[in-house]
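Peer 1: Below: sequence and its predicted model.
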Amino acid sequence: MRLAVIILTHNEEHHIEACIQSASFADEILVIDDMSTDRTAELAQSLGARVVTHPLAGDFAGQRNFALTQTDADWVLYVDADERVNEGTEAELRRIMAADVRAVYEIKRINVVFGQRMCCGGHRPDYPRRFFPRDAVHWTGLVHERTESELPVRRMGGSLLHHTYESWEQYFQKFNQYTTLMAERQHREGRHASFLKILLDPPFAFFRYYILQCGFLDGRIGFILAMFHGFYTMAKYVKLHDLTMNGDRNVYEDRHI
């Protein structure tokens with residue numbers, strides 16, 4: 001049984017070395033690079049990774065599916081460039097592979113925001129599905145992509161350390177990117193954002209992160225992130241409303257040409 005660690009990258013020269021070093025136990029490290037303009041590919045190759053250049057084109061699931069076609073390993077573990085495989089995880093991966101217990105495995109991911117490990121709120125530890133037999137899974141969704149498989153879902157031991165945000169510039173870049181992608185996805189699904197939704201959903205998003213999910217236990221950064229999650233929700237629905245209005249306006253104009 002061979003294991004491939006797959007890493008998707010775009011201008012990740014500040015993260016890629018530590019990421020690859022944490023996964024050096026793998027039989028193959030495959031980097032799928034989205035046309036990076038920095039030293040990401042060069043650094044990855046210097047550490048023994050195989051680099052394949054392939055444009056993301058805003059389709060995260062498509063990029064993950066493409067990666068599966070670039071390796072013949074029996075099992076794959078997806079690791080993002082800003083993640084690290086924690087000690088002890090290799091033994092669990094090898095145990096599962098040796099027993100050939102075919103399933104889609106969730107792995108604990110500990111999120112680090114501006115240097116602080118988060119325990120609660122929207123950035124509390126989560127359990128993404130990242131480890132499975134290569135031939136058993138298909139990815140769907142442009143953003144917040146998810147796995148589809150006929151195999152059962154199980155939770156494994158081990159963990160990843162996720163360095164989510166290290167600067168506010170990075171935070172707001174992702175903020176803008178993800179709110180746009182989410183609005184576009186919901187627009188394609190035929191969903192709409194009423195003014196009432198724009199008015200009420202953002203404060204509830206803050207309340208859910210800060211109170212229901214105990215974000216207040218993360219101190220000052222917990223409050224700030226909960227507030228920005230409310231703004232994230234508003235921005236997403238404002239962009240969706242704009243897409244809806246522009247679409248309706250175009251239809252109206254077409255009918256009166």
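Peer 2: On my side now, so go ahead. Every value quoted in this text rests on a predicted model; they were computed, and no experiment measured them.

Peer 1: Tell me where the model's unsure across the chain.
Peer 2: 142-143, 247-257 (pLDDT under 70).

Peer 1: if I pick Gly230, what's in contact with it?
Peer 2: Residues near Gly230 by Cβ atoms under 8 Å, 6 or more residues apart in numbering: 202-203, 205-206. All C-beta spots, glycine's among them, are computed from the backbone N, C-alpha and C.

Peer 1: same thing but 6 Å
Peer 2: Gly230 is in contact with 202, 205-206, counting by Cβ atoms under 6 Å, 6 or more residues apart in numbering.

Peer 1: cool, and Phe132?
Peer 2: With Cβ under 6 Å, 6+ apart, Phe132 has these contacts: Val104.

Peer 1: Relative to Ala67, how far out is it?
Peer 2: Distance of Phe132 to Ala67, given as Cβ to Cβ, to the nearest Å: 13 Å.

Peer 1: With Thr89 instead?
Peer 2: The value you get for Thr89 to Ala67, if Cβ to Cβ is used, is 20 Å.

Peer 1: Equivalent analysis for Arg50, please.
Peer 2: Counting by Cβ to Cβ - Arg50 and Ala67 are separated by 11 Å.

Peer 1: Leu199 too?
Peer 2: Distance from Leu199 to Ala67, by Cβ to Cβ: 41 Å.

Peer 1: Gly141 too?
Peer 2: From Gly141 to Ala67 the distance is 15 Å (Cβ to Cβ).

Peer 1: When those two are compared, which one has more neighbours?
Peer 2: Remark: of Gly141 and Ala67, Ala67 carries more neighbours, 22 against 16, as counted by other Cβ atoms under 10 Å.

Peer 1: can I assume that one is in contact with Ile32?
Peer 2: Yes - applying Cβ atoms under 6 Å as the test, Ala67 and Ile32 come out as touching, 4.7 Å apart.

Peer 1: quick one: common contacting residues for these two?
Peer 2: What both Ala67 and Ile32 touch, as defined by Cβ under 6 Å, 6+ apart, is an empty set.

Peer 1: Strands along the chain, start to end?
Peer 2: 3-9, 28-33, 50-53, 75-78, 83-85, 104-113, 116-117, 129-133, 138-140, 146-148, 153-165 (DSSP state E).

Peer 1: Identify the residue nearest Ile214 in space, chain neighbours excluded?
Peer 2: Careful, residue 214 is Cys; it's not Ile. Cys120 (4.1 Å; Cβ to Cβ, 6 or more residues apart in numbering).

Peer 1: what about that neighbour, how many residues close to it?
Peer 2: Under the neighbour criterion other Cβ under 10 Å, Cys120 is assigned a count of 17.

Peer 1: so it makes contact with Leu212?
Peer 2: No - between Cys120 and Leu212 there is no contact under Cβ under 6 Å: 10.1 Å.

Peer 1: picking that back up, pipe the strands of the chain into JSON lines and attach distance to Met97 per row.
Peer 2: As requested, those are exported to JSON lines (distance: least, Cβ to Cβ, whole Å):
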{"stretch": "strand 3-9", "distance to Met97": "6"}
{"stretch": "strand 28-33", "distance to Met97": "13"}
{"stretch": "strand 50-53", "distance to Met97": "20"}
{"stretch": "strand 75-78", "distance to Met97": "5"}
{"stretch": "strand 83-85", "distance to Met97": "15"}
{"stretch": "strand 104-113", "distance to Met97": "11"}
{"stretch": "strand 116-117", "distance to Met97": "29"}
{"stretch": "strand 129-133", "distance to Met97": "9"}
{"stretch": "strand 138-140", "distance to Met97": "21"}
{"stretch": "strand 146-148", "distance to Met97": "18"}
{"stretch": "strand 153-165", "distance to Met97": "11"}
